[in-house]
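[1] sequence-free structure coming up:
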């Protein structure tokens, strides 16, 4: 019997299908090209941004570098009467609590340190920082001086002012008179503690405050008080109050300690007037209207004071 060979018939070519296949291939190529271009653009953007960003080491340096932004500053060798650095030293600035240097000076010149003084009603209305003194309480003058120079207690300033002059208003007149006697010609005080005043105007300059602080340094008690990190005081009837300094330099562990009086209000910014020893010479530094007073002080003293902090 003859073998029958059967062949599978081939499908005839389909022109429409081939066209669709070619179109699909082109579409996939175009999609792939667009994806490649987008990816390349993203990578290029990431590279550009990375190039602009500082490396971690640079970022640490930038963070560590304090802002040199104080409105006014002075550094003087009080021993030799030589100015070492100055920035707008005659510019009028808000003194904030550096005013208490003048308050302390007048009290030291007029009241015995061991005299007891009585807290009046006016002191209880003063804004913080304060000790929450109670009307009728009695404290020694020396303890209230510690309160204003260590803790910057505003109510203690008012008590001392009233003890000297009978009222804070009369005491302010003494402050302005004393400032003029010391050569502080561009200074006007309006209260005993440096709190903001409404329309009365209170201002000083870095140079004027240098003159006042230099005079205050002649008093042994003042020199001792501004060195205190902590101090415990007592009222006559035994109320105990622990004071802590606002001077962060005292707690920083720097090679040189700078002693002085801090100040701050929102309008004034941070302020400081203080002193340090440089190889037997007394340096006085004052900074006002600062963003970073401690960083500024450190850099100025290191650069111009001959001291490597």
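    Yes, it's here. None of these values were measured; they are calculated from a predicted model.
[2] use CA for all of it now, contacts and neighbours both
    OK.
[3] in this structure residue 247 contacts residue 260, no?
    Yes - between residue 247 and residue 260 there is a contact under CA atoms under 8 Å: 7.4 Å.
[4] neighbour-wise, which of these two wins?
    residue 260 (30 against 23; other CA atoms under 10 Å).
[5] and the pLDDT at residue 252?
    pLDDT, residue 252: 89.
[6] so where's the stretch 51-200 of the chain shaky on pLDDT?
    51-68 (pLDDT under 70).
[7] can you show me the strands along it?
    Using DSSP state E, counting those that start in this stretch, the strands of the stretch 51-200 of the chain run over 70-77, 82-87, 116-118, 138-140.
[8] quick one: distance of stretch 194-202 to the chain centre.
    21 Å (CA atoms, centre = their mean, to the nearest Å).
[9] what comes up buried for that stretch?
    194, 195, 196, 202 (16 or more other CA atoms under 10 Å).
[10] can you pick out the most distant pair from these?
    195 and 202 (9.4 Å; CA to CA).
[11] quick one: the strands in the stretch 201-309 of the chain?
    230-234, 240-244, 259-265, 269-278, 281-290.
[12] okay, those in JSON lines with mean pLDDT and distance to residue 210 next?
    Shown next, in JSON lines, are those (pLDDT from 0 to 100; distance: least, CA to CA, whole Å):
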{"stretch": "strand 230-234", "mean pLDDT": "99", "distance to residue 210": "25"}
{"stretch": "strand 240-244", "mean pLDDT": "98", "distance to residue 210": "24"}
{"stretch": "strand 259-265", "mean pLDDT": "97", "distance to residue 210": "11"}
{"stretch": "strand 269-278", "mean pLDDT": "96", "distance to residue 210": "7"}
{"stretch": "strand 281-290", "mean pLDDT": "97", "distance to residue 210": "7"}
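[13] quick one: contacts for residue 78?
    214, 281, 282, 283, 284 (CA atoms under 8 Å, 6 or more residues apart in numbering).
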